[in-house]
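Engineer: Give me a model of this one.
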Amino acid sequence: MQISLQQKNMTPKLILVAILGAYAMPQMAMAENKAEVIELGKIEVIGTTPLAGVGLPLEKIPSNVQTVKAKDLQQQNNQTIADFMNNNMLGVSVNETQNNPYQPDILFHGFTASPLLGTPQGLSVFQDGVRVNEPFGDAVNWDLIPVNAIAGMNLMPGSNPVFGLNTLGGALSVQTKNGRTHQGGGIEASYGSWARKNVAAEFGGVSTDNSVDYFISGNYFDENGWRDSSPTEVKQVFGKLGWQNDATRVELSYTGADNDMIGNGLVQKELIDQFGREAINTKPDQTKNTLSFFNLNGSHWFNDDVQLTANTYYRKSKRNTLNGDVNDDYELDVDIAGNDADCLANTGGDADEFCSGALNRSKTDQKGYGFNTQLAFNQPLMQKQNQFIVGLGYDQSRIKFNQSSEFGVINSSRGVDGTGIENTDAEVDLLGKTRSWGLFGTDTLSLNNLWHLTLSGRYNHINVKNTDKISPKGSIEEVSPGVFEDVTLSGNHTFSRFNPAVGLSFTPTKDLSVYGSYNEGMRAPTSMELGCANPNVPCKLPNAMAGDPPLEKVVSKTFELGARGNLISDTKWSASVYHTVNHDDIQFISTNATNGMGYFDNVGKTRRMGLDAGLSGNLGLLSWKAGYSYLQATYETGLELTNALNSTSDGNTILVKKGDRLANLPEHALKLRMQYQATPNWTIGSNINLFSDVYVRGNENNNHRANDGDPDHVQNSGKIGGYTIVNLDTRYKFGKTGWQVFAKAINIFDKEYATGGQFGENWIENGAFSGGDEPSKMVMPGAPRAGWIGARYEFGGKK
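Structural biologist: Numbers count the residues shown, from 1 in each chain. Next up is the predicted model:
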């Protein structure tokens, strides 16, 4: 955030609070005497811990942190955090695995924050100091974070241990609005392509005695979706009530959501060629998410130098899924189902292999609660400026996971019709419990006016306990001829580690800072990963789980070196290089490309190294921002993977060598944002994004070639081509009436592209159920050209 130090009657305490960015003390910016103004300029202060409280000036932070404000999100009319991050932030890309605007995978420096269970997560996400990665799988449900409630957010790169578990490649910290900082109201509505309808409202204010503030917002979103059979409905609400006096502030917030989303996922490329990019493979692919999240935050200044900040929370979420899939294991009895005629007609009367499907259902109930607290000391050390923060966090969660599978028939529209026959082998009833606590400290000492040393560390301890309600311990079964395994999901696992960090910043002038850092982080295997870690009993996630051998925790070690500054008064620049190695990295290892079966395993070392460079400024009425990112994400330990579809497979396996690139991560990205102030009330903006090609999942050895003998063949090779997308946005304000209109258009040149892919089997050709076993490239198609228009009315305050 930025703090403008133009305060009235400011005591030393108030100046200290403003400089250090005490989010919890906004009332101290209020003026009683309008005659006295102290002009101190602007200082950008960044929170360096998950909890709101004191922070550091940007130039003292040994990291390439990126900040976003609410007005930036509103100007570009972004529906989700992911939409804004993909278009504007360095090092960020997305995989449209679900092809739903609220369900993308966000990739930052080669690490993932995804709503999809089974995706190895590497980013931690916080909302007002509470980690919102779900306990089951560390997944991040972007649809549960309302954009119009966001006051700002910081993206911290690296394995910063202060942010706790799962911070392997970075941490995203989101701060929400309150009625003191966002007074007044606004209501807006928009409509456009795919019958998308969106209505959002917000209102904030302060009591007449200036002690109580309040804020509430709501968002309703509904669309048919740009792909076939892909409607989505999202309902979000947020509220916050605050109280404060000269030394203390308390806030109670509530976040609620009730969402019904269809994300039909990857599609066989042959179907796109025949029916267009809106085609789907099978349906339905439905996710229903609900959330109730209470968060109580408080802060208190004991004196001018010491602040206590704490929170306690309760978070309850439910996730129900329904997925229609192909099922090779089911011998279809045509006398059972009355709706298999279409499939039979397309297969010459043999439906057993080609038309069998499954309706996979899952239900996940998660309850989490805990607290975080920290003490900040802004006191000299050895007569040198120093900030020391020490904190403690505790989190506990209870998970109930149930899954079932019903045999089905694939109909002519590639939907799955149930037969009423349950697949009892796929049934799961799991109870998971996690308990974790962490103790951290971070200290920034200004050795002199030029050099600033930061030392940090955190000890994490986590216990993960699974209880199998169906197969208790000792449930021995023959999983393959002559191989007997205990198939229970039950297990009790404990992980702990101390993670250190050190950083040094050099600020020779006010226009230049240079920094370097080293830090370590960790991620413990989740209940889901521990429940699907047996290579002899593979599972299909998120629809099945199997036995429970132990996995090792993932440890990341990151070096970063960078610089930032001002070229001239209106032009800023930044550049950084990073190098992260994951030790005992966890990945989902596929055992069968046809049915998606596999297991989680530690795969040794993986490495992400790269460069981020940014330049921004103003040229008259034109503001602009350009960024380039380079990423080299590779395996650093050789391994064998099961894959019969790769052209280089030896039987059913491929050999992945050290240096082979990880799948679905672009090596190059270039982003340009321009905004022109056409008149005092009219702005026109554009985002131009370029991403390079990626290797698809299944081509981890980077060596697959099409079977046509052409080594340069791209169309059916193991790559997805790069692409360039151009978006436009505009906004016009009708003077001081409070009214404004806006519009947005995406992919204005209607580029056909895909953000990633994986190998599968070509089971549909020319619209018929071919049952072929030739490799097919399943792709994540990007959205076509589309546009929306809307209006907004603001009242009662200044935004």
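Engineer: Going along the chain, name the helices of the chain.
Structural biologist: For the chain, helices defined by DSSP state H occupy the ranges 12-20, 70-75, 81-88, 269-275, 341-346, 527-530.
Engineer: was I right about W739 contacting G790?
Structural biologist: No - in this structure, W739 is not within contact of G790 by C-beta atoms under 8 Å, at 11.7 Å. C-beta coordinates here come from the backbone N, C-alpha and C atoms, glycine included.
Engineer: and those two? which has more neighbours close in?
Structural biologist: Per other C-beta atoms under 10 Å, whichever of W739 and G790 has more neighbours is G790, with 19 against 14.
Engineer: got any ranges where the stretch 401-550 of the chain has weak pLDDT?
Structural biologist: 473-487, 536-550 (pLDDT under 70).
Engineer: What strands flank the longest strand seen in the chain, and is each parallel or antiparallel?
Structural biologist: Ranked by number of residues, the top strand in the chain under DSSP state E is strand 386-410. Here strand 386-410 is paired, per DSSP bridges, with strand 356-377 (antiparallel), strand 416-422 (antiparallel), strand 428-446 (antiparallel).
Engineer: Could you dump these into CSV and include distance to V45 and mean neighbour count?
Structural biologist: Compiled in CSV, the strands paired with strand 386-410 are given as follows (distance: least, C-beta to C-beta, whole Å; neighbours: other C-beta atoms under 10 Å):
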stretch, distance to V45, mean neighbour count
strand 356-377, 13, 21
strand 416-422, 54, 17
strand 428-446, 12, 19
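Engineer: Could you list the low-confidence segments of the stretch 201-350 of the chain?
Structural biologist: For the stretch 201-350 of the chain, the stretches flagged by pLDDT under 70 are 328-350.
Engineer: just the strands in it please.
Structural biologist: 212-223, 232-244, 248-262, 267-268, 285-301, 306-326 (DSSP state E, counting those that start in this stretch).
Engineer: Quick one: list the elements packing against the shortest one.
Structural biologist: With contacts defined as 3 or more C-beta pairs under 8 Å, 6 or more residues apart in numbering; DSSP states H and E, strand 267-268 has these neighbours: strand 775-781.
Engineer: Alpha carbons of the strand it packs on, in PDB - could you do that?
Structural biologist: Taking C-alpha atoms only, strand 775-781 is exported to PDB below (Å, rounded to 0.1, in the frame of the first residue of the first chain):
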ATOM      1  CA  PRO A 775      -2.600 -40.900 -28.900                       C
ATOM      2  CA  SER A 776      -4.600 -37.700 -28.800                       C
ATOM      3  CA  LYS A 777      -3.700 -34.300 -27.500                       C
ATOM      4  CA  MET A 778      -6.200 -33.100 -24.900                       C
ATOM      5  CA  VAL A 779      -6.000 -29.300 -24.700                       C
ATOM      6  CA  MET A 780      -7.200 -26.500 -22.500                       C
ATOM      7  CA  PRO A 781      -8.800 -24.200 -25.000                       C
END
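Engineer: returning to what we had before: for the longest strand of the chain, could you pull out the residues that count as buried?
Structural biologist: 386-389, 391, 393, 395, 397, 399-410 (16 or more other C-beta atoms under 10 Å).
Engineer: Could you pull up the mean pLDDT of stretch 555-573?
Structural biologist: Confidence over stretch 555-573 (mean pLDDT, whole number) is 94.
Engineer: Now render the strands paired with strand 386-410 as TSV, adding distance to G516.
Structural biologist: Putting the strands paired with strand 386-410 into TSV (distance: least, C-beta to C-beta, whole Å) gives the following:
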stretch	distance to G516
strand 356-377	25
strand 416-422	54
strand 428-446	14
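Engineer: Centre of the chain to stretch 412-429, how far?
Structural biologist: 30 Å (C-alpha atoms, centre = their mean, to the nearest Å).
Engineer: end to end, how far does it reach?
Structural biologist: 33 Å (C-alpha to C-alpha, to the nearest Å).
Engineer: give me every residue that touches the most centrally placed residue in the chain.
Structural biologist: For the chain, the residue nearest the mean C-alpha position is A113 (3.4 Å; C-alpha atoms, centre = their mean). Neighbour list for A113: 105-106, 121-123, 125, 133, 140, 172 [criterion: C-beta atoms under 8 Å, 6 or more residues apart in numbering].
Engineer: hmm, 10 Å instead?
Structural biologist: 81-82, 85, 104-107, 119, 121-125, 133, 138-140, 142, 166, 169-172 (C-beta atoms under 10 Å, 6 or more residues apart in numbering).
Engineer: For Q675, which residues are in contact?
Structural biologist: In this structure, Q675 makes contact with 75-76, 618, 621-625, 683-687, 729-731, judged by C-beta under 10 Å, 6+ apart.
Engineer: and the residues you listed, which are buried?
Structural biologist: Taking 16+ other C-beta under 10 Å as the criterion, what is buried in the contacts of Q675 is 75-76, 623-625, 683-687, 729-731.
Engineer: who's in contact with the closest residue to V306 other than its chain neighbours?
Structural biologist: Spatial nearest neighbour of V306, chain neighbours left out: F377 (5.6 Å); criterion: C-beta to C-beta, 6 or more residues apart in numbering. Under the criterion of C-beta under 10 Å, 6+ apart, the neighbours of F377 are 54, 302, 305-307, 386-390, 443.
Engineer: For F377, give its distance to S93.
Structural biologist: Distance of F377 to S93, computed by C-beta to C-beta, to the nearest Å: 40 Å.
Engineer: which non-adjacent residue is nearest R319?
Structural biologist: Distances taken as C-beta to C-beta, 6+ apart place T364 nearest to R319, at 4.4 Å, with adjacent residues excluded.
Engineer: so what's the one you found bridging to?
Structural biologist: R319, F401.
Engineer: What pLDDT does the model give it?
Structural biologist: On the pLDDT scale, T364 is placed at 95.
Engineer: Can you verify my assumption that it contacts K400?
Structural biologist: Yes - using C-beta atoms under 10 Å, T364 is in contact with K400, at 7.2 Å.
Engineer: Identify the contacts common to those two.
Structural biologist: With C-beta under 10 Å, 6+ apart, T364 and K400 have common neighbours 136, 318, 430, 432.
Engineer: gap between the closest residue to S517 other than its chain neighbours and F559?
Structural biologist: Spatial nearest neighbour of S517, excluding adjacent residues (C-beta to C-beta, 6+ apart): G503 at 3.5 Å. Distance of G503 to F559, given as C-beta to C-beta: 11 Å.
Engineer: Of the contacts of Q675, which is the nearest to S574?
Structural biologist: The nearest member of the contacts of Q675 to S574, counting by C-beta to C-beta, is K625 at 10.9 Å.
Engineer: Next up, the contacts around the closest residue to the closest one other than its chain neighbours.
Structural biologist: Spatial nearest neighbour of K625, excluding adjacent residues (C-beta to C-beta, 6+ apart): S616 at 4.0 Å. Listed by C-beta under 10 Å, 6+ apart, the contact set of S616 reads 570-574, 623-627, 673.
Engineer: ok so, going back, in CSV: the buried ones among the contacts of Q675, plus distance to L631 and pLDDT.
Structural biologist: As requested, these are exported to CSV (distance: C-beta to C-beta, whole Å; pLDDT from 0 to 100):
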residue, distance to L631, pLDDT
Q75, 28, 88
Q76, 24, 90
S623, 27, 96
W624, 24, 97
K625, 20, 97
T683, 32, 97
I684, 31, 97
G685, 26, 97
S686, 25, 97
N687, 20, 97
D729, 27, 96
T730, 32, 97
R731, 33, 97
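Engineer: So what pairs up with V45 in the strands?
Structural biologist: In beta-bridge terms (that is, DSSP bridges), V45 pairs with P57.
Engineer: residue ranges with poor pLDDT in the stretch 1-150 of the chain?
Structural biologist: In the stretch 1-150 of the chain, residues with pLDDT under 70: 1-43.
Engineer: Mind jotting down where the strands sit in it?
Structural biologist: Using DSSP E, counting those that start in this stretch, strands in the stretch 1-150 of the chain cover 2-4, 42-47, 55-57, 66-69, 92-95, 105-108, 111-113, 123-127, 130-131, 150-157.
Engineer: any chance of those strands in JSON lines, with distance to N295 too?
Structural biologist: JSON lines is the format used below for those (distance: least, C-beta to C-beta, whole Å):
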{"stretch": "strand 2-4", "distance to N295": "24"}
{"stretch": "strand 42-47", "distance to N295": "16"}
{"stretch": "strand 55-57", "distance to N295": "20"}
{"stretch": "strand 66-69", "distance to N295": "20"}
{"stretch": "strand 92-95", "distance to N295": "26"}
{"stretch": "strand 105-108", "distance to N295": "22"}
{"stretch": "strand 111-113", "distance to N295": "20"}
{"stretch": "strand 123-127", "distance to N295": "8"}
{"stretch": "strand 130-131", "distance to N295": "6"}
{"stretch": "strand 150-157", "distance to N295": "14"}
